[in-house]
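Undergrad: Sequence and computational prediction follow.
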Amino acid sequence: MLIFEQIRAGGDRNFGYLIGDRDAGVGVLIDPSYSPDVFVERAREQQLTISHVINTHGHEDHINGNTRAVELTRAPVAAHPSCPVKVDIPIADSMELAVGPLRLQFLHVPGHAQDHVTVYEPKHQILLTGDLIFVGKVGGTKTDDDARVEWDSLQRVVAAIPPTATVWPGHDYGARPSSTMALERLTNPFLLAADVDGFLQMKRDWAAYKKRYGLK
Ligand SMILES: [Zn+2]
């Protein structure tokens, strides 16, 4: 039986996650930042041994709980090899990680951060998007070149992940804390862009767009 918890970590409305399997008694923590003790307590309450601590990307607000989480669980850290943490298990594009009967599948999705990965569990169609896709928007980028890279990453995710998959972001920035790929494809203005130029234009117009539609 699946165990899945979205956990409010603190920080800038950060979300982290606990995903595991009750029968196998094993689970992983994803981005247990700001309040690693709370994440480990949730795992303990669910009677899960933590097999891995996983980072979606290396920004401070996603990794600052690693040291404490590892101290409490003794679990190895899985992240992209360029992630600025002590990486025990380097995550390569299209790699799979078994967590009991669950298979976590990774896509390398640079743009917002060059070390960014998404985590997908195909049986339950759960997609953890980190700071790539938020509910109603996408991760910020510093340059047009980074934005082009992010666009390519978004196209890969849209092609690879079924519309029925649920979307679980790294921050509570949207109208609701989670979404589906179908809903994001229909309503997320960045995913509605016709091409990369439209995407870049939406990024430039974002402040005005937000004002027009009363978004925060
Ligand atoms: Zn980030």
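TA: Done, it's in.
Undergrad: The residue nearest in space to the middle of the chain: what's its closest spatial neighbour, skipping adjacent residues?
TA: What sits nearest the mean C-alpha location of the chain, by Cα atoms, centre = their mean, is Gly130, with 2.3 Å. Excluding the flanking residues, the one nearest Gly130 by Cβ to Cβ, 6 or more residues apart in numbering is Thr56, at 2.9 Å. Any C-beta I mention is one placed from the backbone N, CA and C, and that applies to glycine too.
Undergrad: Pull the contacting residues for the one you found.
TA: Residues near Thr56 by Cβ atoms under 8 Å, 6 or more residues apart in numbering: 30-31, 62, 116-119, 128-131, 170.
Undergrad: residues in this structure within reach of the ion, list them.
TA: Residues of the chain lying near the ion by Cβ under 5 Å from the ion: 59, 131.
Undergrad: Okay, strands next: where are they in the chain?
TA: 2-10, 14-21, 26-30, 49-54, 77-79, 89-90, 96-99, 102-108, 117-121, 126-130, 133-134, 137-138, 166-169, 179-180 (DSSP state E).
Undergrad: Give the pairing partners of the fifth one; include direction for each.
TA: This points to strand 77-79. With DSSP bridges as the test, strand 77-79 is paired with strand 49-54 (parallel), strand 89-90 (parallel).
Undergrad: Give me the buried positions along the first one.
TA: What it means is strand 49-54. Neighbour counts over strand 49-54 (16 or more other Cβ atoms under 10 Å) mark 50-54 as buried.
Undergrad: gap between it and the chain center?
TA: Centroid separation for strand 49-54 versus its chain: 16 Å, with Cα atoms, centre = their mean, to the nearest Å.
Undergrad: and the angle for that strand with strand 26-30?
TA: Here strand 49-54 runs at an angle of 30 degrees relative to strand 26-30 (axes from the mean of the first three to the mean of the last three Cα atoms, to 10 degrees).
Undergrad: what's strand 49-54 in contact with?
TA: Strand 49-54 has contacts (Cβ under 8 Å, 6+ apart) with 25-32, 40, 43, 66, 69-70, 73, 75-79, 89, 91, 97, 99, 104, 119.
Undergrad: So which of the strands of the chain is nearest Phe199?
TA: Ranking the strands of the chain by proximity to Phe199 (Cβ to Cβ) places strand 137-138 first, at 8.7 Å.
Undergrad: what about the closest one, average pLDDT?
TA: The average pLDDT for strand 137-138 rounds to 97.
Undergrad: what do you get for stretch 161-180?
TA: The average pLDDT within stretch 161-180 is 97.
Undergrad: try stretch 93-112
TA: 97.
Undergrad: Likewise for stretch 203-211?
TA: For stretch 203-211, the per-residue pLDDT averages 93.
Undergrad: Stretch 20-32 now?
TA: The average of the pLDDT scores along stretch 20-32 is 98.
Undergrad: can you give me the end-to-end distance of it?
TA: End-to-end span of stretch 20-32 (Cα to Cα, to the nearest Å): 15 Å.
Undergrad: Go through that stretch and flag the buried ones.
TA: Within stretch 20-32, judged by 16+ other Cβ under 10 Å, the buried ones are 20-21, 24, 26-32.
Undergrad: Please apply the same query to stretch 193-205.
TA: Under 16+ other Cβ under 10 Å, the buried positions of stretch 193-205 are 193, 196, 199-200, 202-203.
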